[in-house]
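Asker: sequence first, predicted model second:
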Amino acid sequence: MDNVKMWTAGVPVEPDAYRQIANIASLPILGGHIAIMPDVHIGKGATVGSVIPTRGAIIPSAVGVDIGCGMMAVRTTLGTADLPDSLKAIRTQIERDVPVGFEAHDDPVSVGGEGLSGVAISRRMRALKARYEKLRIMTRIGKFDHARVWRQIGTLGGGNHFIELCLDEAQRVWVMLHSGSRNVGNNIGQVAIATARRLAERANVHLPDRDLAWLSEGSPEFDEYVEGLLWAQDYAALNRDTMMHLVLRALARFFPGDIAVEESAVNCHHNYASREEHFGASVWVTRKGAVSARDGELGIIPGSMGTKSYIVRGKGNVAAYHSCSHGAGRRMSRTEARRRFSRDDLIAQTSGVECRKDSGVIDELPGAYKDVDAVMAAQSDLVEVVHTLKQVLCVKG
């Protein structure tokens with residue numbers, strides 16, 4: 001495929017992923033080559049781990065339904081010597097303060113009086129609410145619990161979302177978390193995907209996969225989607241900031257003094273679309289499981305439960321549209337992981353990590369993911385490692 005560039009040397013790629021890549025490469029709306037990251041694996045319509053430039057259009061399913069999903073990490077003043085022998089009480093407190101899975105807070109989180117970060121969170125919440133009232137795409141969702149939107153800010157979700165305490169190469173404690181736009185982002189994405197499919201069918205557009213239907217610039221459907229897309233991306237970033245605030249507040253219960261933030265890695269999306277300039281042209285760039293890695297830009301590449309994660313600095317690789325991978329990437333489906341692995345495997349592979357050890361998270365154990373070291377080696381021209389993290393506590397939905 002002449003219009004595909006891949007950073008997958010030494011990393012296995014399943015045949016179905018190659019077929020999906022070929023499908024994307026055949027689309028007439030492409031605004032350049034596709035960049036494939038080393039964590040690539042099969043997704044809905046488009047492969048996860050793809051950077052897709054499009055001209056005058058966006059493919060909603062390529063963005064996905066967890067719009068704005070991404071990472072955040074901060075380094076605290078704590079060190080490994082400050083941590084107790086057992087982290088179970090800390091995990092329990094975080095799980096008490098941050099709802100997981102489908103859960104929400106009983107009332108919207110209020111942090112307005114807690115320092116500059118709390119004031120900023122409250123200000124952003126007010127701005128998001130004002131924009132939410134004007135979102136046209138929400139009028140097409142039907143029955144919907146609007147109050148829940150605000151009670152899910154500061155919540156984790158399920159699947160591969162997590163909150164972790166990690167130690168870096170100098171045994172300093174970091175908080176790292178992964179989440180997105182929750183139920184409201186899912187609904188915006190689902191409506192846009194269904195709309196794109198319907199319009200393609202009405203226009204008799206031939207598609208190699210119906211999930212590659214797009215919305216075209218200039219149409220009311222496109223404008224509605226972009227308005228909702230940008231709002232959901234901001235919502236996801238605020239959700240992560242609010243969760244981080246809650247986790248640091250939970251930690252403060254166990255340690256004297258302030259848990260100050262010594263160093264912060266960017267709050268970065270890895271499922272999103274933005275208008276950018278590349279190769280002299282203005283295009284929409286969809287990063288489906290990929291992180292912006294412009295020259296000097298910080299990003300986060302997590303491994304999996306029980307493996308290493310990385311704080312990285314982008315090298316601004318032009319051919320990759322200034323991007324890098326968003327993680328290790330799955331090497332098998334959740335169904336296959338549950339078939340192949342047992343709870344004993346989970347316990348062995350998460351040895352030394354305070355986390356759930358039950359059958360509900362077997363599909364998230366390290367063996368279900370690619371070798372993160374191989375993934376990092378394959379993208380050495382995209383990023384440089386700033387910090388190497390190893391988790392000691394992991395909260396899963």
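Answerer: Now that the structure is in, tell me what you want to look at.
Asker: okay, the residue lying closest to residue 1 once chain neighbours are set aside: pLDDT?
Answerer: Spatial nearest neighbour of residue 1, chain neighbours left out: residue 25 (4.8 Å); criterion: C-beta to C-beta, 6 or more residues apart in numbering. Any C-beta I mention is one placed from the backbone N, CA and C, and that applies to glycine too. With respect to pLDDT, residue 25 scores 97.
Asker: now do the contacts for residue 25.
Answerer: 1, 3-4, 34 (C-beta atoms under 8 Å, 6 or more residues apart in numbering).
Asker: what bridges to the closest residue to residue 276 other than its chain neighbours?
Answerer: Spatial nearest neighbour of residue 276, chain neighbours left out: residue 285 (4.8 Å); criterion: C-beta to C-beta, 6+ apart. Here residue 285 sits in beta bridges with residue 53, residue 274, as judged by DSSP bridges.
Asker: buried residues in the strand or helix carrying residue 188?
Answerer: Residue 188 is part of helix 182-202, with elements assigned from DSSP states H and E. Across helix 182-202, burial judged by 16 or more other C-beta atoms under 10 Å covers 182-189, 191-193, 195-197, 199-200.
Asker: same check on stretch 271-288?
Answerer: 271-273, 278, 283-288.
Asker: so the residue nearest to residue 276 makes contact with residue 53?
Answerer: Yes. Residue 285 lies in contact with residue 53 (C-beta atoms under 8 Å); the separation is 5.4 Å.
Asker: between these two, which contacts overlap?
Answerer: 278, 321.
Asker: run a quick neighbour tally on residue 352.
Answerer: 9 (other C-beta atoms under 10 Å).
Asker: now do the same for it: helix, strand or coil?
Answerer: coil (DSSP: H, G, I helix; E, B strand; the rest coil).
Asker: same check, this time on the one 5 residues further on
Answerer: Here residue 357 takes the coil state, with states given by three-state DSSP.
Asker: now it, nearest residue through space, not along the chain?
Answerer: Per C-beta to C-beta, 6+ apart, closest to residue 357 is residue 347, 5.2 Å.
Asker: how far does stretch 344-355 sit from the chain's center?
Answerer: Centroid separation for stretch 344-355 versus its chain: 23 Å, with C-alpha atoms, centre = their mean, to the nearest Å.
Asker: so for it, what's the average pLDDT?
Answerer: On average, stretch 344-355 scores 95.
Asker: for that stretch, measure first residue to last.
Answerer: Counting by C-alpha to C-alpha, to the nearest Å, you get 14 Å between the two ends of stretch 344-355.
Asker: buried sites along it?
Answerer: So stretch 344-355, judged by 16+ other C-beta under 10 Å, has buried residues 345-346, 349-350, 353-355.
Asker: quick one: classify the closest residue to residue 245 other than its chain neighbours as helix, strand or coil.
Answerer: Leaving aside its chain neighbours, residue 245 sits nearest to residue 111 (5.4 Å; criterion: C-beta to C-beta, 6+ apart). Three-state assignment for residue 111 (three-state DSSP): coil.
Asker: surely residue 111 touches residue 243?
Answerer: No. In this structure, residue 111 is not within contact of residue 243 by C-beta under 8 Å, at 11.0 Å.
Asker: what residues are up against the closest residue in space to residue 26 that isn't next to it in sequence?
Answerer: Counting by C-beta to C-beta, 6+ apart, residue 208 is the residue found nearest to residue 26 once chain neighbours are left out, at 5.8 Å. Contacts for residue 208 (C-beta under 8 Å, 6+ apart) come out as 22-23, 26.
Asker: just the buried members of those?
Answerer: So, by 16+ other C-beta under 10 Å, the buried ones in the contacts of residue 208 are residue 23.
Asker: among the contacts of residue 208, which lie within helices?
Answerer: Among the contacts of residue 208, the members found in helices (DSSP state H) are 22-23.
Asker: and the next helix or strand past the host helix or strand of residue 244?
Answerer: Applying DSSP H and E as the criterion places residue 244 in helix 220-252. Remark: after helix 220-252, the chain's next helix or strand is strand 261-269, criterion DSSP H and E.
Asker: residue 300 belongs to a strand, doesn't it?
Answerer: Yes. The assignment for residue 300 is a strand, going by three-state DSSP.
Asker: residues contacting it?
Answerer: 71-73, 176, 265-266, 268, 291, 309-312.
Asker: what's the answer for residue 340, then?
Answerer: 332, 367.
Asker: gap between the residue nearest to residue 1 and residue 287?
Answerer: As judged by C-beta to C-beta, to the nearest Å, residue 25 and residue 287 stand 17 Å apart.
Asker: same question, residue 316
Answerer: Residue 316 is 15 Å from residue 287, by C-beta to C-beta.
Asker: tell me the SS of the residue nearest to residue 26?
Answerer: coil.
Asker: for residue 286, see how far away it is.
Answerer: From residue 208 to residue 286 the distance is 17 Å (C-beta to C-beta).
Asker: how about residue 28?
Answerer: In terms of C-beta to C-beta, residue 28 sits 16 Å off from residue 286.
Asker: and the longest strand anywhere in the chain, C-alpha only, in CSV?
Answerer: When the chain is parsed with DSSP state E, its longest strand is strand 383-396. Output in CSV follows, covering the C-alpha atoms of strand 383-396 (Å, rounded to 0.1, in the frame of the first residue of the first chain):
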residue,chain,number,x,y,z
VAL,A,383,9.7,9.8,20.8
GLU,A,384,12.4,9.7,23.4
VAL,A,385,11.8,8.4,26.9
VAL,A,386,11.8,11.0,29.7
HIS,A,387,10.6,8.7,32.6
THR,A,388,10.0,5.0,32.9
LEU,A,389,7.2,4.1,35.4
LYS,A,390,6.3,0.9,37.1
GLN,A,391,2.9,0.7,38.8
VAL,A,392,2.5,-0.5,42.4
LEU,A,393,-1.2,0.1,42.6
CYS,A,394,-3.9,-0.1,39.9
VAL,A,395,-7.6,0.7,40.1
LYS,A,396,-9.8,-0.8,37.4
